[in-house]
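Colleague: okay, sequence plus prediction incoming.
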Amino acid sequence: MLEAFPLMPDQIVSEDGQLQPGETVTHTPAELRALWEQMTLVREFDRKLVTLLRQGRTTFYAQASGMEATQVGIATGLRPGHDWVWGYYRDQGVALGLGMTLHEIVSQMLGSNSDLNKGRQMPHHAGSARCRFVSGSSSIASQLPPAVGMAMAQAYLGLDEVTVVTFGDGATSEGDWHAALNMAAVQGAPCLFICENNQWAISTPVTRQTRAESIHIKARAYGMPGYFVDGNDVLAVQRAVRTLADGIRAGSGPVLLECLTYRVGSHSNADADAEKSYRTRDEVNAWTSRDPIERLERFMARQGQEIGAQDRAQVVARIHRDVEDAVARAEASGQPDWRTMLEDVYADTPSHLRHAYEDLRQEYGSGGTK
Amino acid sequence: MTATSSTGRQDTPQDTAPTAPETVTLTLIQAVTEALRGELRRDDRVVVFGEDVGARGGVFLATAGLQAEFGVRRVFDTPLAEAAIVGAAVGMAVRGLRPVAEIQFADYIGPGFDQLTSQAAKLRYRSGGQFSCPMVVRTPSGGGVKGGHHHSQSPEAYYCHTPGLKVVMPSTPYDAMGLLRTAIRGEDPVMFFEPKRLYRAAKGEVPTADFTVEFGRAAVRRTGTDLTIVGYGGVMPDAEKAADALAAEGVSVEVLDLRTLVPWDREAVLASVEKTGRAVLVSEAPRIGNFMGEVASRIGEEAFGSLLAPVMQVAGFDTPYPYAQDRVYLPGPARILNACVKALQY
Ligand SMILES: Cc1ncc(C[n+]2csc(CCOP(=O)(O)OP(=O)(O)O)c2C)c(N)n1
């Protein structure tokens, strides 16, 4: 049962895949299977993208491995295409879950011509108006105040949409985080704050980020409820997001949800030596053994829905093919034309940027990509 | 390396000349690390902190090994909060420490901006000189590393526009070391921008003995008589490439590296332009409000009579820094060369 300010994170399925006492699961086998496939997609996407990085075909990647239950739980707990999400760079699982295609995400990762963002952002900053997933700034926590404003607008306009804003544990140290929670509470903004607490902000552990015993209890100081879920239990995350989003729709006001999880990989390719430089193999191994996908598999097996080795291999192979195909299409689309560099700074292109266009044309000629 | 400018200066002024002749070859980032190490050893009021600077040694490894050598009291990780990092540095400085804070990327100083512009920059002035802020904010800046707009911007002009801050951007290991020492030993808040694309690309000889480089003195990277290129930070190697290309055509180019923007070496720039009659000002920051606008304005005011051509400015574009167009955005050798040719053919 989801309760405010609990000491222990809410769980539906235990680590060994058993239903917790008092819990029931109403998901159909097809729904469970879909969750499993979605989490497997996020995991295998990581594998392929790390390979692409090694091949020098993209320049930045931050894995979500270990956080699949949190991200898939968030996306599936919402109404895709209806609710809005201000995510952060590591949210590929949320973006995929909200309906962004592999091709769209990979196109962004490669800064290619087929990128919806026209190659403007560094890899890992996908965004899609269609999916109501707002392209982010990479400045940590800067997405929080705008998310609150969006929620205020939704209330003002009488819409039954919820704005969700996600962030890591590190983000909770920034002033913007505190300002946003306070503003949301005072204004009663229909905003769901979700901390994907993966316990590390690059090399800084959450214990060096805050002396509070958890993130969710901080909500109390702002006058809103704080909830706590096991972020490696996809069913618990999904239920919490759905329940809280529905509560917000019914007028509960803002809430903070903390999903306790772990990033199993490095922060990004920039610290691929994470184990050596700032955390222990033992710690990583302990969390690897709490794998969220395996937990769901164990639960499904207990329900008589075992996933066979061959079945899994086929799904994995299909995902790898799909990612490869998406990459090939993104690469084939080429690089954005140099001329596009000067567009979209403003809604209309002012004179000084039109002059810059002339300067560039002298250098690059009238067309082609550079 | 020791060319003498028209003003008779050496390109690497050594206010406190090294006593021993030995040198070592370092990259720019190694020079930063060694300067920090030296200052931590020399003065126990020096503390080094920021996001990931401790155990990890900074995301670029500029502080690698310092926590192991000096302990967690003197080299430490902070929560992810630039306002707290910069603001805490102000308080430490007022109470007698010599804080050297790292901001992970210049693009992320934003949350600390208020502390820099409202507190650090004004404390001395608003207190009638009773208080001061001897602190340094080090941060990697600039583009050329395929970082997109959040890992490539050149925000130095915001800080140049704020009286009370000093603003530095070295382009060689020698200058990085000498200027960082001056910054740490000085009495004022210093914004120390490190051009990240030169971190490992710029290599050079650095004396093993102590030396400093004074603020406000440009380095003459090469002397010439036909045209002056003025730049700073990450653009310097490309400015030199353009000068090489012109030299091959028999054009004699003088190349000045400002090294510090506040204060900047007006005399050296004016003297050089008076000699050559032509100035090409290069910076990768967006053009509007670019620091070089100030340099151009001064040349116009004070060296107008010597000019044989309009002052040319080569800058980044007035767009956020684009990921896919990384190379198009930067003023590379070709754009610098074009501007020089325009000035020469005027
Ligand atoms: C304002 C700001 N400061 C610093 C950074 C550099 N930085 C990028 S990711 C990161 C750690 C973020 O940790 P957390 O919020 O816990 O998210 P996680 O990466 O762990 O998912 C830092 C310090 C940044 N992007 N923005």
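Modeller: Cool, the structure landed. Numbering: from 1, shown residues only, chains lettered A, B, ... in the order given.
Colleague: could you pick out the longest strand of chain B?
Modeller: Longest strand in chain B, counting residues (DSSP state E): strand B:279-286.
Colleague: which other helices and strands contact that strand?
Modeller: When contacts are defined as 3 or more C-beta pairs under 8 Å, 6 or more residues apart in numbering or on different chains; DSSP states H and E, strand B:279-286 packs onto strand B:227-231, helix B:266-276, helix B:291-302, strand B:312-316, helix B:333-345. Just so you know, the C-beta spots here come from the backbone N, C-alpha and C atoms, and that holds for glycine as well.
Colleague: buried residues in that strand, which are they?
Modeller: Within strand B:279-286, the residues that count as buried by 16 or more other C-beta atoms under 10 Å in any protein chain shown are B:Ala279, B:Val280, B:Leu281, B:Val282, B:Ser283, B:Glu284, B:Ala285, B:Pro286.
Colleague: so what's the gap between that strand and the chain middle?
Modeller: The chain centroid and the centroid of strand B:279-286 are separated by 14 Å, computed with C-alpha atoms, centre = their mean, to the nearest Å.
Colleague: between the buried residues of strand B:279-286, which is nearest chain A?
Modeller: The shortest gap between chain A and any of these belongs to B:Pro286, at 10.1 Å (C-beta to the nearest C-beta).
Colleague: distance of the residue in the stretch 201-350 of chain A positioned nearest to the ligand from chain B?
Modeller: In the stretch 201-350 of chain A, the residue found nearest to the ligand is A:Ala201; the distance is 3.1 Å by C-beta to the nearest ligand atom. Counting by C-beta to the nearest C-beta, to the nearest Å, the separation of A:Ala201 from chain B is 5 Å.
Colleague: for that residue, give me phi and psi.
Modeller: When quoted as degrees, to the nearest 10, the phi and psi of A:Ala201 stand at phi -120, psi 100.
Colleague: and the stretch 101-250 of chain A, which of its residues are near the ligand?
Modeller: A:Ser138, A:Ser139, A:Ile140, A:Phe167, A:Gly168, A:Asp169, A:Gly170, A:Ala171, A:Asn198, A:Trp200, A:Ala201, A:Ile202 (C-beta under 6 Å from any ligand atom).
Colleague: save the residues you listed as JSON lines, and put in secondary structure too.
Modeller: As requested, those are arranged in JSON lines below (DSSP: H, G, I helix; E, B strand; the rest coil):
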{"residue": "A:Ser138", "secondary structure": "coil"}
{"residue": "A:Ser139", "secondary structure": "coil"}
{"residue": "A:Ile140", "secondary structure": "coil"}
{"residue": "A:Phe167", "secondary structure": "strand"}
{"residue": "A:Gly168", "secondary structure": "strand"}
{"residue": "A:Asp169", "secondary structure": "coil"}
{"residue": "A:Gly170", "secondary structure": "helix"}
{"residue": "A:Ala171", "secondary structure": "helix"}
{"residue": "A:Asn198", "secondary structure": "coil"}
{"residue": "A:Trp200", "secondary structure": "strand"}
{"residue": "A:Ala201", "secondary structure": "strand"}
{"residue": "A:Ile202", "secondary structure": "coil"}
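Colleague: point out the most buried one among the helices and strands packed on strand B:279-286.
Modeller: The highest average neighbour count among the helices and strands packed on strand B:279-286, using mean count of other C-beta atoms under 10 Å in any protein chain shown, belongs to strand B:227-231 at a mean of 30.
Colleague: hmm, the least confident helix or strand in chain B by mean pLDDT touching chain A?
Modeller: Of all helical and strand segments in chain B, the minimum by mean pLDDT, DSSP states H and E falls on helix B:326-329, at a mean of 89. Yes - using C-beta under 8 Å from any C-beta of the partner chain, helix B:326-329 reaches chain A at B:Arg327, B:Val328, B:Tyr329.
Colleague: partners of the longest strand of chain B, with directions?
Modeller: strand B:227-231 (parallel), strand B:312-316 (parallel) (DSSP bridges).
Colleague: strands along the stretch 101-250 of chain B, start to end?
Modeller: For the stretch 101-250 of chain B, strands defined by DSSP state E, counting those that start in this stretch occupy the ranges B:136-141, B:166-168, B:190-195, B:203-207, B:219-222, B:227-231.
Colleague: C-alpha coordinates for the fourth one, CSV please?
Modeller: What it means is strand B:203-207. Output of strand B:203-207 as CSV, limited to C-alpha atoms (Å, rounded to 0.1, in the frame of the first residue of the first chain):
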residue,chain,number,x,y,z
LYS,B,203,51.8,20.9,-24.4
GLY,B,204,54.8,23.0,-23.4
GLU,B,205,57.8,23.6,-21.2
VAL,B,206,57.2,24.8,-17.7
PRO,B,207,59.9,25.7,-15.2
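Colleague: appreciated, that's everything.
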